[in-house]
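*Asks:* The amino acid sequence is not available; the structure is as follows:
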Ligand code: IPD
Ligand code: CA
């Protein structure tokens with residue numbers, strides 16, 4: 001997840017440890033400087049659901065590791081990225097120092113921070129279903145509990161049969177076992193002789209023995225998708241992240257642990273402590289203090305402008321699609337089945353604002369044109385051409401065929417194209433020279449060359465001439481009412497060609513990049529290459545897009561005096 005999505009934050013929800021008022025006040029004032037809503041809760045207090053769902057929320061946790069772990073329980077299931085401000089003394093999780101709060105928020109809300117994903121572990125039995133960011137701990141019953149005829153339990157020892165994906169790993173005898181995440185590798189697992197995972201966001205689980213009787217037994221790392229099964233031979237205790245109440249697990253219970261579906265999203269800014277700095281200062285790894293940082297890799301920057309732009313455009317399209325989708329869902333529930341003009345306007349301007357904010361924070365000197373008006377007048381050769389909601393008529397009627405379309409254009413050529421359909425979740429994207437994709441799958445057009453075998457799409461067709469001419473000849477002529485989607489469907493082989501009597505650059509720029517990269521063809525009605533004319537939207541620009549093989553046959557079948 002890219003940090004640029006944080007530029008669209010609407011609300012900040014803070015969870016704070018007792019005695020941290022001063023730090024919370026400075027967070028509140030930094031948030032107020034950005035004109036955003038702010039609400040704070042004491043750790044353990046119930047958060048009203050409406051504060052935390054709907055809209056783009058940034059979480060903040062102020063405190064030490066205990067507060068952090070409670071905040072993970074609130075934020076992670078709701079996929080809310082959060083920043084941790086360290087007022088605790090120990091730990092590797094709380095990463096931002098309180099003295100850089102205004103600068104930290106400038107960076108985060110400017111979309112320049114990063115978001116790291118932290119795998120969580122999920123433990124399930126018939127009675128338990130919990131998730132932890134650090135570890136699931138299995139250990140013997142309390143060492144002071146006396147059970148008649150059992151020395152083993154008196155000493156807190158236990159035996160655990162462990163399987164991975166059904167394969168028997170072995171019987172662990174000793175004080176127990178941890179199943180820890182990479183993030184948890186610097187917690188309990190570290191003090192039990194486990195290795196540290198760097199960086200903290202890889203996708204594995206580690207089985208760490210606790211004071212086992214067999215010196216040959218070592219931590220075992222398995223894929224996060226593996227299912228780890230632990231079966232105790234006697235009653236044991238189970239705890240999640242150390243801080244929650246322990247549970248008694250009876251003998252012979254099958255306990256499974258896997259990687260959880262939802263990770264925790266942690267926000268890091270350039271003011272956050274790096275993991276190596278934390279290890280150095282907290283574990284005393286620094287044999288020699290090294291202040292010269294020139295040996296470090298430079299911070300990730302735009303090495304390849306188009307690849308970076310594509311990532312930014314995808315992030316922006318998905319972020320903009322979120323409120324559009326929320327409004328669309330309200331339409332479906334309304335009595336009239338139509339959306340009010342006010343809501344359509346809100347959806348369009350919200351989408352435009354999100355895209356502009358994300359794109360301009362990544363590329364401040366680029367021009368941004370949205371449906372014909374200049375949102376940002378930049379310098380240099382790059383222009384972003386955006387349609388905040390293409391297929392507005394569909395949107396109004398609760399029809400799912402609408403998109404967010406974003407293109408980057410250089411010298412009249414779309415070099416990056418992203419078309420996102422918020423209802424179906426299809427994300428079409430292309431970078432000049434790198435092929436075209438639907439989500440992660442490469443796409444290509446069909447190779448049909450005969451009109452009578454083809455499915456055609458018609459866009460704006462004021463006289464109905466295209467429909468008249470091809471309806472009987474082709475296998476079908478469809479009209480979805482969304483030019484950007486039409487182009488993507490031709491690019492992906494869901495139709496063979498697409499006709500528009502007139503087009504505007506923002507309707508077609510993103511789709512054209514995707515179509516061309518997929519291997520399709522695009523011309524005007526006279527067969528000349530389709531030209532995007534950003535400065536001249538007054539002249540009619542017809543468009544025939546196709547799989548390429550069908551193009552000639554279609555042009556030949558056009559009326560002699562043109563459409
Ligand atoms: C329209 C749609 C439609 C196309 C029109 C566009 P809008 O865009 O893409 O399919 O035929 O030319 O103006 O108004 O829904 O954003
Ligand atoms: Ca449009």
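*Replies:* Cool, got the structure. All values reported here derive from a predicted model rather than from experimental measurement. Numbers count the residues shown, from 1 in each chain. Ligands and ions are numbered 1, 2, ... in the order given.
*Asks:* Let me know how buried residue 181 is, in neighbour terms.
*Replies:* Residues near residue 181, counting by other Cβ atoms under 10 Å, number 31. (Each C-beta comes from the backbone N, C-alpha and C, glycine too.)
*Asks:* Equivalent analysis for residue 539, please.
*Replies:* For residue 539, the count of nearby residues is 7 (other Cβ under 10 Å).
*Asks:* That one and residue 466: what is the separation?
*Replies:* Here residue 539 is placed at a distance of 20 Å from residue 466 (Cβ to Cβ, to the nearest Å).
*Asks:* And for residue 134?
*Replies:* 62 Å.
*Asks:* what does residue 374 give?
*Replies:* Residue 374 sits at a distance of 33 Å from residue 466 (criterion: Cβ to Cβ).
*Asks:* quick one: which of those two has more around it?
*Replies:* Per other Cβ under 10 Å, whichever of residue 374 and residue 466 has more neighbours is residue 466, with 26 against 11.
*Asks:* dump the residue contacts of that one.
*Replies:* By Cβ atoms under 8 Å, 6 or more residues apart in numbering, the contact set of residue 466 is 458, 477, 499, 501, 563.
*Asks:* How about the closest residue to ligand 1 within the stretch 101-250 of the chain, nearest residue that isn't a chain neighbour?
*Replies:* Closest contact between the stretch 101-250 of the chain and ligand 1, by Cβ to the nearest ligand atom, is at residue 111 (25.7 Å). Among residues not flanking residue 111 along the chain, residue 7 sits closest, at 3.2 Å (Cβ to Cβ, 6 or more residues apart in numbering).
*Asks:* ditto for residue 122
*Replies:* Of all residues not flanking residue 122 in the chain, residue 260 sits nearest, at 4.0 Å (Cβ to Cβ, 6+ apart).
*Asks:* I'd say that neighbour and residue 120 touch.
*Replies:* Yes - using Cβ atoms under 8 Å, residue 260 is in contact with residue 120, at 4.0 Å.
*Asks:* Low-confidence regions, the stretch 301-450 of the chain specifically.
*Replies:* For the stretch 301-450 of the chain, applying pLDDT under 70 flags the ranges 301-303, 330-339, 342.
*Asks:* what residues does it put near ligand 2?
*Replies:* Residues of the stretch 301-450 of the chain lying close to ligand 2 (Cβ under 5 Å from the ion) are 387, 390.
*Asks:* What is the subsequent helix or strand relative to the helix or strand hosting residue 22?
*Replies:* Using DSSP states H and E, residue 22 maps to helix 21-33. For helix 21-33, the following helix or strand on the C-terminal side (DSSP H and E) is strand 37-42.
*Asks:* Report the set of residues contacting both of residue 260 and residue 120.
*Replies:* Common neighbours of residue 260 and residue 120, using Cβ under 8 Å, 6+ apart, are residue 131.
*Asks:* of those two, who's got more company?
*Replies:* Remark: of residue 260 and residue 120, residue 120 carries more neighbours, 25 against 20, as counted by other Cβ under 10 Å.
*Asks:* From ligand 2, how far out is the more buried one?
*Replies:* 41 Å (Cβ to the ion, to the nearest Å).
*Asks:* Could you pull up phi and psi at residue 479?
*Replies:* phi -140, psi 110 (degrees, to the nearest 10).
*Asks:* Correct me if wrong: it contacts residue 456.
*Replies:* No - the criterion here is Cβ under 8 Å, and residue 479 misses it with residue 456 at 9.7 Å.
*Asks:* So which of these two has more stuff around it?
*Replies:* Neighbour comparison, residue 479 and residue 456: the larger count goes to residue 456, with 26 against 17 (by other Cβ under 10 Å).
*Asks:* residue contacts, that one?
*Replies:* By Cβ under 8 Å, 6+ apart, the contact list for residue 456 reads 470, 474, 476, 477, 478, 495, 496, 497, 498, 499.
*Asks:* Which members of those residues are positioned in strands?
*Replies:* Judged by DSSP state E, the subset of the contacts of residue 456 located in strands is 476, 477, 478, 497, 498, 499.
*Asks:* what sits against the closest residue to residue 457 other than its chain neighbours?
*Replies:* Residue nearest to residue 457 in three dimensions, not counting chain neighbours: residue 498, with 4.2 Å by Cβ to Cβ, 6+ apart. Shown in contact with residue 498 (Cβ under 8 Å, 6+ apart): 456, 457, 458, 459, 486, 487, 489, 490, 543, 544, 545, 546.
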